[in-house]
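Engineer: Can you look at this prediction? I've put the sequence above it.
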Amino acid sequence: MLRRRALAACTATVAVGALALAGLTGTASADPASPTPAPEAAHLSPGLLKAMQRDLGLTAAEARGRIAGESRAAAVTAGLRYSLGDRFAGARVGGDAADLTVATTDAADAARIAKAGARAEVVDHSLAELDAAKAALDRVALRAAPKDIPAWYVDVRTNRVVVQAGKASAADAFLAKAGVSAGLVTVTRSTEQPRTFADLRGGDAYYMNGSGRCSIGFPVKRGTQGGFVSAGHCGTPGVSTSGYNQQAQGSFQGSTFPGRDYSWVAANTNWTPRPLVNGYGNGDVTVTGSTEAIEGSSVCRSGSTTGWHCGTVQQRNSSVTYQEGTVSGVTRTNVCAEPGDSGGSFISGSQAQGVTSGGTGNCSQGGVTYFQPLNPALQAYGLTLVTNGSTPPDPPDPPTNPGGTWAAGTTYAAGAVVTYGSASYRCLQGHLAQPGWTPPNVPALWQAL
């Protein structure tokens, strides 16, 4: 596990985190689900920029430009995904954040994609088809973790499901059990042996029952109760926690691992959740939302062992096999991490991405790391991410839907415009819409037009 045990010398391994995206220079489509993000580059943490310069070989200006470009790319992708429907086959950005590629299974979509400011790529398999194949593999793995199969994921670059295997025979058996066609899959040989990283500001250390250390992911609220999300492998319900200062902090209220890798800890009243991620001497990062970054986007991680490190999103919707079992739905990155970084914050620009799960390697040599996306954890436990804007209340009982484009379960970026009934509203801060958070009910999130 990526847990740092007290008084024990652990071998360094990889950790993962998530970062929010930022942008392109094209124009988002006119579809109602296409958000138009507000510029955020002026509010970036100096520490985050410094880490991006060090790990991605960028200047400060290039780092700001990349984040802005990736944010716009996410907005354009959201609109095209809506309009292309079941023909959508994924999206990615290149080294230049303005270089957005959107894939489709229908060549007739090329003009629509180009008009939105992206490069079109025509492929054989839709993202839905690849996701379904991966889901079949996940179902097999949840019954029994596959041997000699360290990871598998949907790779939008190659339009395939990639299965990493120590032996070709292990991959063949895995595909056969899942009933997945070899025509959808690329098998690559791998000697990786992933493990989890374990050991109210994101990235801060906390201790479990005084015997191990992990890192806070992101401060959250459930009604008036404050706390934070972290990795599921860090603790089980009832396990008590103490903070970085070894003072009593709270206890685990929910935890899922394996299968997924998320948890939430309720803190006592001595701890106040803040919309911050620890910059470890380089200035804290302010969290403004949780819009997910697409493949190729830059992402940075904060953890209590190794501080800030950055890289890029390699593949979303990945699965990884640890000694304890398989975890699905994680994001694969090339960000390094080590024991004690588990649970720590992954962030892109000012957008929360997820919590460090595990991987291979360390911060001396690099490696492959995985993070558990944040939004599924918020949904699982009914939590609200603490951001620099007003925190919305717990969702009330949902009223009868009067119609419009607003929908619960949709991730909205700042600037997105929706309709609810006969009125239009603009999103003020990025968030994942919950039942009852209708635009008229939460003026902290929506402004009537």
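Structural biologist: Structure received. Numbering: from 1, shown residues only.
Engineer: Show me where the chain dips below the pLDDT cut-off.
Structural biologist: Applying pLDDT under 70 to the chain flags residues 1-43, 96-97, 198-199, 389-401, 409, 429-432, 434-436, 442-444.
Engineer: give me that answer again for 50
Structural biologist: Low-confidence segments of the chain (pLDDT under 50): 1, 5-39, 41, 199, 390-398.
Engineer: all helices of it, in order?
Structural biologist: Listed in chain order, the helices of the chain (DSSP state H) span 46-56, 60-84, 110-115, 127-143, 168-178, 374-381.
Engineer: what distance separates the shortest one from the middle of the whole chain?
Structural biologist: If I follow you right, that is helix 110-115. Chain-centre distance of helix 110-115: 28 Å, with Cα atoms, centre = their mean, to the nearest Å.
Engineer: which secondary structure elements does it contact?
Structural biologist: helix 60-84, strand 100-104, strand 119-122 (3 or more Cβ pairs under 8 Å, 6 or more residues apart in numbering; DSSP states H and E). (Each C-beta comes from the backbone N, C-alpha and C, glycine too.)
Engineer: elements contacting the strand ranked longest in the chain?
Structural biologist: Longest strand of the chain, by residue count under DSSP state E: strand 307-322. Applying 3+ Cβ pairs under 8 Å, 6+ apart, we find strand 307-322 packed against helix 46-56, helix 127-143, strand 151-155, strand 298-303, strand 325-333, strand 351-362, strand 366-373.
Engineer: and with 7 Å instead?
Structural biologist: helix 46-56, helix 127-143, strand 151-155, strand 298-303, strand 325-333 (3 or more Cβ pairs under 7 Å, 6 or more residues apart in numbering; DSSP states H and E).
Engineer: Out of these, which is the most enclosed?
Structural biologist: strand 298-303 (a mean of 34; mean count of other Cβ atoms under 10 Å).
Engineer: Output the contacting helices and strands for that one.
Structural biologist: helix 46-56, helix 60-84, strand 307-322, strand 345-348, strand 351-362.
Engineer: do you know which of these lies nearest R143?
Structural biologist: Smallest distance to R143 across those (Cβ to Cβ): 12.8 Å, for strand 307-322.
Engineer: who does the closest one pair up with?
Structural biologist: As defined by DSSP bridges, the strand partners of strand 307-322 come to strand 151-155 (antiparallel), strand 298-303 (antiparallel), strand 325-333 (antiparallel).
Engineer: Alpha carbons only: can I get it in CSV?
Structural biologist: What follows is strand 307-322, C-alpha atoms only, in CSV (Å, rounded to 0.1, in the frame of the first residue of the first chain):
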residue,chain,number,x,y,z
GLY,A,307,5.4,17.6,-1.9
TRP,A,308,4.6,18.9,-5.4
HIS,A,309,5.2,16.9,-8.5
CYS,A,310,3.7,17.2,-12.0
GLY,A,311,3.2,15.3,-15.2
THR,A,312,0.3,14.6,-17.6
VAL,A,313,-2.9,12.5,-17.7
GLN,A,314,-2.1,9.4,-19.7
GLN,A,315,-5.4,7.5,-19.7
ARG,A,316,-8.6,7.9,-17.8
ASN,A,317,-10.9,4.9,-16.9
SER,A,318,-8.0,2.6,-16.1
SER,A,319,-7.9,-0.5,-13.9
VAL,A,320,-5.0,-1.6,-11.8
THR,A,321,-4.3,-4.7,-9.7
TYR,A,322,-2.7,-4.3,-6.3
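Engineer: any chance of the strands paired with strand 307-322 in TSV, with distance to V386 too?
Structural biologist: Compiled in TSV, those are given as follows (distance: least, Cβ to Cβ, whole Å):
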stretch	distance to V386
strand 151-155	30
strand 298-303	15
strand 325-333	22
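Engineer: Among the ones you listed, which comes closest to I113?
Structural biologist: Nearest to I113, of the strands paired with strand 307-322 and by Cβ to Cβ, is strand 151-155 at 19.7 Å.
Engineer: contacts for that closest one?
Structural biologist: 130-131, 134, 137, 161-164, 192, 194, 315, 317-321, 332 (Cβ atoms under 7 Å, 6 or more residues apart in numbering).
Engineer: Counting neighbours, what do you get for R160?
Structural biologist: 20 (other Cβ atoms under 10 Å).
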